[in-house]
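# sequence and computational prediction follow.
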There are 2 protein chains.
Amino acid sequence: MNYAAFRQKIHISREDICLNIYAQNREKFRIKKEKTVVKNLGKIFTAALKISNEKGFQAMSMRNFSKETGLSIGALYSYFSSKDELLEMIQRQGRLMVKRLLDDHILALEDPLDRLRKAICIHIYLSEALQPWFYFSYMEAKNMNRAEKEKALASELATDLIFADIIRQGQSSGTFLPRDPQLTAGLIKAILQDWYLKRWKHAKRKISVDQYARFVLECVEAMILPCPALAGIRK
Amino acid sequence: MNYAAFRQKIHISREDICLNIYAQNREKFRIKKEKTVVKNLGKIFTAALKISNEKGFQAMSMRNFSKETGLSIGALYSYFSSKDELLEMIQRQGRLMVKRLLDDHILALEDPLDRLRKAICIHIYLSEALQPWFYFSYMEAKNMNRAEKEKALASELATDLIFADIIRQGQSSGTFLPRDPQLTAGLIKAILQDWYLKRWKHAKRKISVDQYARFVLECVEAMILPCPALAGIRK
DNA sequence: GTCTATATACGGATAGAC
DNA sequence: GTCTATCCGTATATAGAC
């Protein structure tokens, strides 16, 4: 599967996301007309992620934010009661989308190597489709309050666990080399995160997401399978 | 070489660092008595890195900072003229230490595999010894002004280049597999950065820096050499 | 629903006593 | 060399007109 196919299949657009946020938080908005809310949520989340990812969430002042959205400060406060609540909404929505999409796609397969490949691909493609969300979560985590921070860490550990489990499965069946599964999972994750954390670098070098995914798969397989040559033979 | 040996050899302590900062910025400090300056610089840099790495440099207020250092706000401004200058000093000192230590250690060797191993080890050990500095540079880069940001990016690319060059050298001599050197370098770097970025995770799992370095070497060699078995034979 | 004007608090930075 | 008190700008958030 390449990225284009992924996008066709999974259906993530700004419109979809905003509809979703609206459905989740309906009672929190002072404004009640769905059409208005959805339209403005689009501006709000796009601007919030843009400014935050350029210079940090704290450094985004409301004046700043107001100018970027084209809405007045007063209007903005009809959609959240404080900057903190906005941050919480961003985080919740991010987690929700990732969980929904990640769980569905990986659990279907049986063979550990197929699962590993799929997990890697999905993760990279998902982080491409939701790059601003992933970047935000990563960079802002340490600035959040206790509760939010803990959720972010839990989420990090959960992803590690998915990979560690696949690796253990592969080791049990004798397909994978017996290297520490937890460390291996962490290492794979670091590589995956690099895609959305160093976007400017990859853009500069004109690396496409498909190239990156292909490259990562090749390297991870070399690391995890007894001998590179076998990878070709097995499938 | 293990981490303990590294520390013995390279000589990085808070005291050393502060003496160094003092020597570099002598004219900037309103206070002139070396002993006083060095003592307070210790408090200042320790506190600045601690608070910043917990909740961000911007979120560190001067009142905050004053309490952590035990110095009054007025006294603090005897050592820098603005928060921005403080940030700049932190960054400059960080770059200086890294450059000095990194260059020295890697250039000596000839064999590409030895060089690669050495570069990986040194980078991990150095980022352990200077963890707060590395973490700060990584997480704060996007919040800096243009000039500082550019220096940070240049530094990122420079490290990539060191690895890419070693890899090209190894490919020329036929030792390494012919995988894209730039992508490979980036991937290795992502793995190295994970050590200082996810410190809490590794601490929780009780992974020592020596274990991590050993593990990374093993994985990178599996990825880069024609066949894992050959690694043992070659050396 | 959206705007402008404003209340209120907190930020960085400085002056001047000690 | 260090401290306290204070200036002044800018931040978030709200009130009330339109």
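Received it, and whenever you're ready, just let me know what you need.
# tell me, how many neighbours does A:K189 end up with?
22 (other CB atoms under 10 Å in any protein chain shown). In short, each C-beta sits where N, CA and C put it, glycine included.
# local confidence estimate at it?
Looking at A:K189, its pLDDT is 98.
# show the contacting residues for it.
Taking CB atoms under 8 Å, 6 or more residues apart in numbering or on different chains as the criterion, A:K189 is in contact with A:T159, A:D160, A:F163, B:D194.
# can you tell if the lengthiest helix in chain A touches chain B?
In chain A, taking DSSP state H as the definition, the longest helix is helix A:146-172. Yes - under the criterion of CB under 8 Å from any CB of the partner chain, helix A:146-172 makes contact with chain B via A:L153, A:E156, A:L157, A:D160.
# show the buried residues in these.
A:E156, A:D160 (16 or more other CB atoms under 10 Å in any protein chain shown).
# CSV for the residues of helix A:146-172 next to chain B, including distance to A:S172 and pLDDT?
Shown next, in CSV, are the residues of helix A:146-172 next to chain B (distance: CB to CB, whole Å; pLDDT from 0 to 100):
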residue, distance to A:S172, pLDDT
A:L153, 28, 95
A:E156, 25, 92
A:L157, 22, 95
A:D160, 19, 95
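# of the residues of helix A:146-172 next to chain B, closest to DNA strand D?
A:L153 (24.2 Å; CB to the nearest atom of the strand).
# my guess is that closest one meets B:W200, correct?
Yes - the criterion here is CB atoms under 8 Å, and A:L153 meets it with B:W200 at 7.5 Å.
# picking up where we left off before, mind putting the residues of helix A:146-172 next to chain B into JSON lines with distance to A:E85?
Output for the residues of helix A:146-172 next to chain B, formatted as JSON lines (distance: CB to CB, whole Å):
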{"residue": "A:L153", "distance to A:E85": "21"}
{"residue": "A:E156", "distance to A:E85": "23"}
{"residue": "A:L157", "distance to A:E85": "25"}
{"residue": "A:D160", "distance to A:E85": "29"}
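# now the two most distant members of the residues of helix A:146-172 next to chain B.
Spatially, the most separated pair among the residues of helix A:146-172 next to chain B is A:L153 and A:D160, at 10.7 Å (CB to CB).
# stretch A:164-173 - what's its average pLDDT?
97.
# the bottom helix or strand of chain A by mean pLDDT?
Least confident helix or strand, chain A: helix A:228-234 with a mean of 49, by mean pLDDT, DSSP states H and E.
# which SS state does A:Y79 fall under?
coil (DSSP: H, G, I helix; E, B strand; the rest coil).
# ok, it touching A:T36?
No - contact criterion CB under 8 Å: A:Y79 and A:T36 do not qualify, at 10.1 Å.
# what about A:F215, neighbour count?
A count of neighbours around A:F215, defined by other CB under 10 Å, yields 18.
# do A:I10 as well
A:I10, neighbours per other CB under 10 Å, totals 17.
# any part of the helix or strand containing A:R115 near chain B?
A:R115 is located in helix A:112-129, with elements delineated by DSSP states H and E. No - against chain B, helix A:112-129 shows no contacts by CB under 8 Å from any CB, the least distance being 12.7 Å.
# contacting residues around that helix?
A:1, A:3, A:6-7, A:10, A:12, A:98, A:101-102, A:105-106, A:109, A:134, A:159, A:162-163, A:166-167, A:169-170, A:173, A:175-176, A:188, A:192-193, A:195-196, A:209, A:212-213, A:216-217, A:220-221, A:224-225, A:234-235.
# among those residues, name the buried ones.
For these, buried by 16+ other CB under 10 Å: A:3, A:6, A:10, A:98, A:101-102, A:105-106, A:134, A:159, A:162-163, A:166-167, A:169-170, A:175-176, A:188, A:192-193, A:195-196, A:209, A:212-213, A:216-217, A:220-221, A:224-225.
# now the contacts of A:K189 in JSON lines, with distance to B:T69?
Output for the contacts of A:K189, formatted as JSON lines (distance: CB to CB, whole Å):
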{"residue": "A:T159", "distance to B:T69": "38"}
{"residue": "A:D160", "distance to B:T69": "36"}
{"residue": "A:F163", "distance to B:T69": "42"}
{"residue": "B:D194", "distance to B:T69": "31"}
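# low-scoring pLDDT stretches of chain A, where are they?
A:228-235 (pLDDT under 70).
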